[in-house]
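The sequence isn't on hand, but the structure is:
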């Protein structure tokens, strides 16, 4: 009889444990590389993005979301760690090195969820390297970018040979060589979505969602799509959709005449451009924009397929969905073609959160928020404790009330940093130069008014000091 009672108690305990696990919300986190907030749901009527737009209608689009660094590695560091960090592209690998040397580090977001009963899976480009490994071709199993974070870290390389080839690949397995000039800066090839890597990433995501639907354990599933990262390649059917669409010129295409974070667009310029320069050739600039737009529409189609599978399995009923761009991308603004600056275009990226708690679904907020807010937000939405080390704040109040105020956004690159308020952007360098832009009067950051408003500069520098302390 005693053993009978023990068995009953164990079964009851197992039932409640299983029920609790079933009630935990899942997370589907979709990262899109180099995605500007240039989407129809964010006000760009000339961009074809029906699936992302449909997602925005189900949740809360954040119109003034800013990343904390204008490059892939350090931006993804802040998203995954919930703290500010190094400015270099190898920011996440630096943390892995610290772990290997037994130095104290904070837990990453996937590790936090893993320790709280979640299955964590990464697919595509979530950390800096697709698949999450280092080495010459990014496939060395002894060099893990995020130790202890993922139960599985996946990247289907297919005909692109290795993850490095996937990252910088074009159609049908074309891999960028040691000299990028051998690869065209843009391309459109006739074929199905799987002639480019994101089609295979999406197929794997669909397969993984099917697997999740057969288990009871909650999951944290991060899917990283590569396009519209350079080179701009997408199936021709997406480029053809822009045949009769006029994409506007950059509102301000002049190189700044003040000390700034301007650069010569080196990442873009090193590809084969057939001797053309979009800074001087308006027709070529328009072609670049159309190929970028085609990549956005291609990525949007992959988002649609992933979300359709989520709904087909019924997992959508208990899954928080986040769509996040890892930073912006300048298409001629300030005569820059690329990222890596501290201008608005490089730091402004889309963020959409879908959850049952969202009130006034589809209504966007203009509140200023930043990428470090994502980690505490997902903890809050899934009823997990928020780690003390996270720097951001939960955006759940903004999901419940679109009128909730935001907060200042901080970003940095080597030797320079910026703070964005609801009105101003201040950029300062370690050498003492300052740029101040008034977004009420000058939304395209065309006039540096720092010398005319020393009081505003002083006030914002004090805010920067506070952020610097959090970073250090």
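In hand now; what should we look at? Remember, predicted model here, so these are calculated numbers, not experimental data. Numbering: from 1, shown residues only.

Now do the same for residue 23: its pLDDT.
As predicted, residue 23 sits at a pLDDT of 77.

Residue 209 versus that one, what's the distance?
Using Cβ to Cβ, to the nearest Å, residue 23 is found at 19 Å from residue 209. Backbone N, C-alpha and C define where each C-beta goes, glycine included.

The two - which one has more neighbours?
Per other Cβ atoms under 10 Å, whichever of residue 23 and residue 209 has more neighbours is residue 209, with 25 against 10.

where's the nearest residue in space to that one that is not next to it in sequence relative to residue 302, distance?
Of all residues not flanking residue 209 in the chain, residue 309 sits nearest, at 4.8 Å (Cβ to Cβ, 6 or more residues apart in numbering). Applying Cβ to Cβ, the value for residue 309 to residue 302 is 11 Å.

Report the central residue of the protein.
residue 326 (2.5 Å; Cα atoms, centre = their mean).

my guess is that one contacts residue 77, does it?
No: Residue 326 is not in contact with residue 77 according to Cβ atoms under 8 Å; the separation is 10.4 Å.

Give the residues shared as contacts by these two.
Counting by Cβ atoms under 8 Å, 6 or more residues apart in numbering, residue 326 and residue 77 have no common neighbour.

Between residue 309 and residue 302, tell me which one has more neighbours.
Using other Cβ under 10 Å, the more surrounded residue of residue 309 and residue 302 is residue 302, with 26 against 19.

Check the more buried one and give its pLDDT.
pLDDT for residue 302: 98.

Please apply the same query to residue 179.
On the pLDDT scale, residue 179 gets 84.

so how many other residues sit close to it?
9.

Now do it against residue 395, distance only.
According to Cβ to Cβ, residue 179 and residue 395 sit 44 Å apart.

swap in residue 89?
For residue 89, the distance to residue 395 - Cβ to Cβ - is 27 Å.

more neighbours, these two?
Shown here are residue 89 and residue 395; by other Cβ under 10 Å, residue 395 has more neighbours (25 against 18).

Need the nearest residue in space to that one, chain neighbours excluded.
Residue 395's closest residue in space is residue 377 (Cβ to Cβ, 6+ apart), at 4.4 Å.

Now do the phi/psi pair for that neighbour.
Note on residue 377: its backbone torsions stand at phi -60, psi -50 [degrees, to the nearest 10].

tell me the helices in the protein, going along the chain?
2-23, 50-58, 72-81, 91-100, 109-115, 163-167, 197-212, 236-240, 266-269, 282-313, 344-347, 374-381, 396-400, 454-471 (DSSP state H).

okay, the ones you listed in TSV with distance to residue 259 next?
Output for the helices of the chain, formatted as TSV (distance: least, Cβ to Cβ, whole Å):
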stretch	distance to residue 259
helix 2-23	55
helix 50-58	37
helix 72-81	22
helix 91-100	26
helix 109-115	36
helix 163-167	33
helix 197-212	39
helix 236-240	39
helix 266-269	19
helix 282-313	26
helix 344-347	17
helix 374-381	32
helix 396-400	35
helix 454-471	14
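
So which of those is nearest residue 410?
Residue 410 sits nearest to helix 454-471 of all the helices of the chain, at 4.1 Å, using Cβ to Cβ.

Can you work out which other helices and strands pack against that closest one?
strand 409-413, strand 416-420, strand 424-429, strand 434-438 (3 or more Cβ pairs under 8 Å, 6 or more residues apart in numbering; DSSP states H and E).

which one of these lies closest to residue 360?
strand 409-413 (23.1 Å).

just how off-centre is the closest one within its chain?
15 Å (Cα atoms, centre = their mean, to the nearest Å).

Tell me which residues touch the closest residue in space to residue 157 that isn't next to it in sequence, please.
The shortest distance from residue 157 to any residue other than its chain neighbours is 5.5 Å, reached at residue 166 (Cβ to Cβ, 6+ apart). Contact analysis of residue 166 by Cβ under 8 Å, 6+ apart lists 130, 131, 155, 156, 157, 158, 160, 197, 226.

ok, 6 Å please
130, 157, 160, 197 (Cβ atoms under 6 Å, 6 or more residues apart in numbering).

out of these, which one sits closest to residue 318?
residue 130 (28.3 Å).

In the chain, where is pLDDT below threshold?
1-22 (pLDDT under 70).

my guess is the residue nearest to residue 395 meets residue 394, correct?
Yes: taking Cβ atoms under 6 Å as the definition, residue 377 is a contact partner of residue 394 at 4.9 Å.

In contact with residue 444, which residues?
251, 252.

actually residue 181, sorry about that
Listed by Cβ under 6 Å, 6+ apart, the contact partners of residue 181 are residue 272.

what do you get for residue 335?
Contacts of residue 335 (Cβ under 6 Å, 6+ apart): 253, 255, 279.

can you list the residues you listed in CSV and add neighbour count and distance to residue 404?
Below are the contacts of residue 335 laid out as CSV (neighbours: other Cβ atoms under 10 Å; distance: Cβ to Cβ, whole Å):
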residue, neighbour count, distance to residue 404
253, 18, 36
255, 11, 39
279, 18, 41
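
Closest one to residue 51 out of these, please.
residue 253 (30.7 Å).

what about that closest one, distance to residue 332?
5 Å.

Equivalent analysis for residue 236, please.
To residue 332, residue 236 is 24 Å away according to Cβ to Cβ.

Please apply the same query to residue 302.
Applying Cβ to Cβ, the value for residue 302 to residue 332 is 26 Å.

can you check residue 49 too?
For residue 49, the distance to residue 332 - Cβ to Cβ - is 20 Å.

out of these two, which sits in the busier spot?
residue 49 (25 against 21).

mind listing what that one touches?
Neighbours of residue 49 in contact, by Cβ under 6 Å, 6+ apart: 39, 40, 300.

and if you look at residue 325?
32, 35, 349, 350.
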